[in-house]
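S.K.: can't give you the sequence, but here's the structure:
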């Protein structure tokens with residue numbers, strides 16, 4: 001994020017800012033750019049999470065499947081992430097306005113964290129997209145579903161609840177991680193050298209987003225492992241987050257470090273992804289939506 005906007009990042013957004021839709025548009029645009037660049041790496045990480053295999057083996061599977069399958073399943077994350085990041089920035093801004101207008105007794109820090117948690121929780125309405133993304137990336141079902149729409153329609157026979165399998169894990173991830181993101185990225189930016197050029201500002205935005213995103217994705221990595229396992233199942237009994245965590249933990253010989261299989265690639269992807277998102281968000285806002 002740029003220097004000016006980040007100097008007060010620990011504070012809730014100012015009441016004097018751009019129209020309501022700008023934060024939504026910039027967040028969505030930034031996410032779209034990011035997904036198209038990083039989707040192949042995400043597929044490798046997903047297979048490590050679900051099957052507990054090495055990065056080389058997961059990469060080998062994807063390479064064997066060929067380029068025509070490389071972006072199989074990209075539509076759900078493209079829709080989900082574009083909408084999710086749009087809501088993340090847009091609703092954070094909206095909730096901050098509401099809280100500042102109606103809860104003047106709250107400190108700036110309380111406004112920031114509350115708005116971030118509320119925006120993350122609201123993002124959970126997009127669980128069906130993440131759900132379909134998960135099953136499309138599972139090579140065991142490569143021949144079962146023709147495309148995204150087919151996968152969506154196939155889940156319909158299991159009832160609406162099937163679309164929200166893994167909801168608990170997503171709620172545990174979204175709200176708290178949003179709070180950390182909006183409070184930490186300003187602190188990261190403030191310790192970086194002051195930017196004096198446009199290129200310097202872009203670099204600063206990229207680094208602050210990259211470091212913050214990589215930290216968050218690493219801390220919450222085991223939650224995503226459980227989420228992926230929960231969502232890779234179709235039909236049958238709904239298992240709790242705790243049950244699934246214990247099952248995976250036992251399968252991996254009760255070694256906590258094995259709950260982090262794939263974390264190195266995930267960390268690398270998050271560095272790139274959140275660097276792109278943060279920098280793209282600021283570029284879009286400054287060049288297309290500035291007053």
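M.R.: Nice, thanks for sending it over. Since the model is a prediction, treat every value here as computed from it, not as a measurement.

S.K.: So which residue is smack in the middle of the chain?
M.R.: By CA atoms, centre = their mean, the chain has its centre lying nearest to residue 81, at 6.7 Å.

S.K.: Identify the residues contacting that residue.
M.R.: Shown in contact with residue 81 (CB atoms under 8 Å, 6 or more residues apart in numbering): 31-32, 34-35. Quick note: C-beta positions are derived from backbone N, CA and C, even for glycine.

S.K.: Among these, name the buried ones.
M.R.: Buried residues within those, defined by neighbour count using 16 or more other CB atoms under 10 Å: 31-32, 34-35.

S.K.: now those residues in CSV, with secondary structure?
M.R.: Formatted as CSV, the buried ones among the contacts of residue 81 follow (DSSP: H, G, I helix; E, B strand; the rest coil):
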residue, secondary structure
31, helix
32, helix
34, helix
35, helix
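
S.K.: all helices in the stretch 51-200 of the chain, in order from the N-terminus.
M.R.: 55-65, 75-102, 108-122, 127-137, 148-156, 160-163, 167-190, 198-219 (DSSP state H, counting those that start in this stretch).

S.K.: Turn these into CSV, columns for mean pLDDT.
M.R.: What follows is those, written out as CSV (pLDDT from 0 to 100):
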stretch, mean pLDDT
helix 55-65, 86
helix 75-102, 92
helix 108-122, 95
helix 127-137, 87
helix 148-156, 90
helix 160-163, 95
helix 167-190, 94
helix 198-219, 95
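
S.K.: most tightly surrounded among these?
M.R.: helix 127-137 (a mean of 23; mean count of other CB atoms under 10 Å).

S.K.: what helices or strands is that helix leaning on?
M.R.: helix 20-51, helix 75-102, helix 148-156, helix 160-163, helix 167-190, helix 221-231 (3 or more CB pairs under 8 Å, 6 or more residues apart in numbering; DSSP states H and E).

S.K.: Would you mind putting those helices into TSV with distance to residue 206 alongside?
M.R.: Formatted as TSV, the helices and strands packed on helix 127-137 follow (distance: least, CB to CB, whole Å):
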stretch	distance to residue 206
helix 20-51	12
helix 75-102	16
helix 148-156	31
helix 160-163	35
helix 167-190	11
helix 221-231	22
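
S.K.: how about those helices, which one is nearest residue 285?
M.R.: Across the helices and strands packed on helix 127-137, the minimum distance to residue 285, taken as CB to CB, is reached by helix 20-51, at 4.6 Å.

S.K.: pretty sure residue 180 contacts residue 214?
M.R.: No - if you go by CB atoms under 8 Å, residue 180 and residue 214 don't touch, sitting 12.0 Å apart.

S.K.: And the contacts of residue 81, which two are furthest apart?
M.R.: Among the contacts of residue 81, 32 and 34 lie farthest apart (CB to CB), at 7.2 Å.

S.K.: how about residue 128, what does it touch?
M.R.: Contacts of residue 128 by CB under 8 Å, 6+ apart are 152, 163-164.

S.K.: Please read the previous query as pertaining to residue 24.
M.R.: Contacts for residue 24 (CB under 8 Å, 6+ apart) come out as 86-87, 89-90.

S.K.: Tell me the one of those residues nearest residue 19?
M.R.: Out of these, the member with the shortest distance to residue 19 (by CB to CB) is residue 90, at 11.0 Å.

S.K.: and of the helices and strands packed on helix 127-137, who's closest to residue 275?
M.R.: Closest among those, once you apply CB to CB, is helix 20-51, at 8.9 Å.

S.K.: pLDDT averaged over that closest one - what is it?
M.R.: Within the predicted structure, the mean pLDDT of helix 20-51 is 87.

S.K.: Please identify the buried residues of it?
M.R.: Going by 16+ other CB under 10 Å, helix 20-51 has these buried residues: 22-35, 38-39, 41-51.

S.K.: Kindly report the same for stretch 264-272.
M.R.: For stretch 264-272, burial by neighbour count (16+ other CB under 10 Å) applies to 265-272.

S.K.: do the same with stretch 247-260
M.R.: 248-249, 252, 259-260.
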